[in-house]
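*Asks:* how does the following fold in three dimensions:
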Amino acid sequence: MRLLLVLLFSLSTFAVTSSPRDTMETFLKPMVQIKKQNLNHELYYNQAISTLDLSEFNDNIKFSVGKKYSNSLIFVLDRMQKIEYSDIPDKVEGSIWYFDKTRDDLGNIKEISIGKVKDKWLFTKATLQSLKFYTQKYRDSEVAGDVVESHFENYIRSKVPASFQEKGFIFEHWQWLGFIALFLIAFILERIIGFIAEVIVNKYVKVFKVNSSDLLENALVPFRRLVFVILLIPGITYLDLPVNALSFLNRILLIIISFFTVWLGHRIIHMLSYYFQARSAVTDSKFDDILIPLLTKTTFVLLYIMGAMYIAYSFTIDITGVIAGLGIGGLAFAFAAKDTLANFFGSIMLILDRPFDIGDSILTGDIEGTVVEVGFRSTKVRTFYDSIISVPNGNLANVAIDNKGRRRYRRLNTTLGIEYDTPPEKVEAFCEGIRQIVLNHKWTRKDNFNIYFVNFGASALEIQLQVFWETPEYAREQAEKHRLMIDILRLANDMDINFAFPTQTVHLFNEGAKKEQTVDSEYFNYGIEKAKQVITKPLSLKNPRSNAGDKSQFGENDFGID
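*Replies:* Sure, this is the predicted structure:
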């Protein structure tokens, strides 16, 4: 915390530019520390750069350009004279103060001046443009008095033979040699750093040990390229390039860094997604099967947006203006993209509510199939005829979804029709035989089934067959249904029970043969007597035979009535 406070206090000194004297002092003191090779060069350079009018440069290259101008300015000031702060006015009438003003061989005015920009006194743009002239003028001069010698960039140029300082194509000869040396050094360091990174990652990071050597190698490719470009940037500042060339090269390198950073981020996200998908494949929960692909796509989108914004920033495109424009046209944009937004929020609701998981069989509207992917905009369903249907998530969030994949049991509910001439004893025995088959099949529920004679049909005696299987798998359900029906057929064959066909008998009505019919009362008595015999000697049990775990149903023979 103490270090943070010290840094904040130091940073506050950047703004001491309330007069030409303050500005000169704010510039010279940190540059002296840099010449003495003290630490925190970046902090001192930021202090010095804060005294320069760099309003025409983009923020992402202000530091490198400001560093170049600061080095040139201190080189010139050191050779012009030893500056006494008391000689510089603290108050000035007007908006500009000239430290030096002269003309070049062509009569153009060159100056070192401090001007008022809003509420600050800064070294003017004219000063920065004149530094090339002053640098050439004082190139061979010694430093004034006991001024500390300038730093490394000027030392390099002082040691370069005059023949190598002649200008060739665009740059001086020694600068071209410096580019070649920088590329060689950066290439060697990039190989060393890439090798060390690969060894460290392979040894210590478990994420990359799960069948991902190819993915790791793919991720290290943009990493090495990124390291190579980053290593070039500090070296270029020592080549004493013209400001325009330095600004252009820095902008190009920043754009390349942006592309490589997005490339590296893409490879890392892909590798992490592969790892977590492999982990989710061995878990029982299917929630991660939906969440990981969705998070992967979301991360990709955010990465590309940030990469595009940084690249645009590197091209000096005003991002704040674009964002403000989006704010002004936000209502129109939201209206035009309402379906996209609805699908996005629909995907969030699907994640939170989890009406289905990957691999579940669902029915929604006219669409039935297996969920294969939940995306950013839509959910992909593979139908049972093997096509893929993309359903917008916004629609899924507002319709009923029948998730057949979450059924705990699969049901068979059908009717068996047997011939009308089947004796009641056989009907009862046939129903009991089917119950025993259900009890002895492995996957059937033993606590909930219904096998009863339920209806006198138009052409058959109808027996209800309602059975449940304890399996979530469609294939297992079909196989067990097949086994059950085959066993019922075998039972019917063994018991000489015939299944009825839909038949129709036509009776011709003869009006001439119509005559009054009467019923003798003794037939009623006959029916009553037979009913008593049937009731006192029932064939069926008095309790339902639907639960093998109930002893009152299957534990005892419960013939008879109370």
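
*Asks:* list the buried residues in stretch 461-473.
*Replies:* Going by neighbour count (16 or more other CB atoms under 10 Å), the buried part of stretch 461-473 is 461-463, 465-469, 471-472. Every C-beta, even on glycine, is put in place using the N, C-alpha and C of the backbone.

*Asks:* let me fix that, I meant to ask about stretch 491-507.
*Replies:* 491-492, 497, 500.

*Asks:* contacts for it, please.
*Replies:* Outside stretch 491-507, the residues that touch it by CB atoms under 8 Å, 6 or more residues apart in numbering are 416-420, 422, 426, 429-430, 433-434, 437, 457-461.

*Asks:* could you single out the nearest of the buried residues of stretch 461-473 to residue 182?
*Replies:* Distance to residue 182 across the buried residues of stretch 461-473 (CB to CB) is lowest for residue 472, with 64.2 Å.

*Asks:* quick check: that closest one is in a strand.
*Replies:* No: per DSSP: H, G, I helix; E, B strand; the rest coil, residue 472 lies outside any strand segment and is coil.

*Asks:* got phi/psi on it?
*Replies:* Backbone torsions for residue 472, taken as degrees, to the nearest 10, come to phi -90, psi 0.

*Asks:* could you do residue 91 as well?
*Replies:* According to degrees, to the nearest 10, residue 91 has phi -130, psi 140.

*Asks:* skip the chain neighbours and tell me the closest residue to it.
*Replies:* residue 19 (6.5 Å; CB to CB, 6 or more residues apart in numbering).

*Asks:* then residue 232?
*Replies:* Closest to residue 232 by CB to CB, 6+ apart is residue 186, at 5.3 Å.

*Asks:* quick one: the one you found from residue 390, how far?
*Replies:* From residue 186 over to residue 390 the distance is 47 Å, taken as CB to CB, to the nearest Å.

*Asks:* who's more crowded, the two?
*Replies:* Neighbour count, other CB atoms under 10 Å: between residue 186 and residue 390, residue 186 has more, with 18 against 12.

*Asks:* right, and the more buried one touches residue 234 too?
*Replies:* No: using CB atoms under 8 Å, residue 186 makes no contact with residue 234, being 10.2 Å away.

*Asks:* related to what we said a few turns ago, secondary structure element holding the residue nearest to residue 232?
*Replies:* Using DSSP states H and E, residue 186 sits within helix 173-204.

*Asks:* which stretches of the stretch 251-400 of the chain form helices?
*Replies:* Assigned by DSSP state H, counting those that start in this stretch, the helices in the stretch 251-400 of the chain fall at 287-314, 319-328, 330-336, 338-353, 393-396.

*Asks:* which of those has the lowest mean pLDDT?
*Replies:* Note on the helices of the stretch 251-400 of the chain: helix 330-336 shows the lowest mean pLDDT, a mean of 50.

*Asks:* and residue 420, how far from residue 495?
*Replies:* According to CB to CB, residue 420 and residue 495 sit 16 Å apart.

*Asks:* again, but for residue 225
*Replies:* Distance from residue 225 to residue 495, by CB to CB: 81 Å.

*Asks:* contacts for stretch 82-93?
*Replies:* In contact with stretch 82-93 (CB under 8 Å, 6+ apart) are residues 19-22, 24-25, 28, 77, 97, 99, 144-147.

*Asks:* buried ones among these?
*Replies:* Buried by 16+ other CB under 10 Å: 19-22, 24-25, 28, 77, 97, 99, 147, out of the contacts of stretch 82-93.

*Asks:* of those residues, which belong to helices?
*Replies:* Cross-referencing the buried ones among the contacts of stretch 82-93 against helices under DSSP state H gives 20-22, 24-25, 28, 77.

*Asks:* and residue 412, what helix or strand is that in?
*Replies:* strand 410-418.

*Asks:* next one: residue 456 from residue 388, what distance?
*Replies:* Distance from residue 456 to residue 388, counting by CB to CB: 49 Å.

*Asks:* thought residue 452 was touching residue 463?
*Replies:* Yes: contact status for residue 452 versus residue 463: in contact at 6.9 Å, counting by CB under 8 Å.

*Asks:* list residues touching both of these two?
*Replies:* With CB under 8 Å, 6+ apart, residue 452 and residue 463 have common neighbours residue 431.

*Asks:* give me the secondary structure label for the closest residue to residue 102 other than its chain neighbours.
*Replies:* Sequence neighbours aside, residue 110 is the residue nearest to residue 102 in space, at 5.5 Å (criterion: CB to CB, 6+ apart). With three-state DSSP as the basis, residue 110 sits in strand.

*Asks:* now do the contacts for residue 449.
*Replies:* So residue 449 contacts 435, 438, 466-468, 546 (CB under 8 Å, 6+ apart).

*Asks:* tell me the two of those that are most distant?
*Replies:* 435 and 468 (13.8 Å).

*Asks:* tell me the SS of residue 462?
*Replies:* Residue 462 - assigned by three-state DSSP - is strand.

*Asks:* hang on, isn't it packed against residue 420?
*Replies:* No: counting by CB under 8 Å, residue 462 sits too far from residue 420 to count as a contact (10.8 Å).
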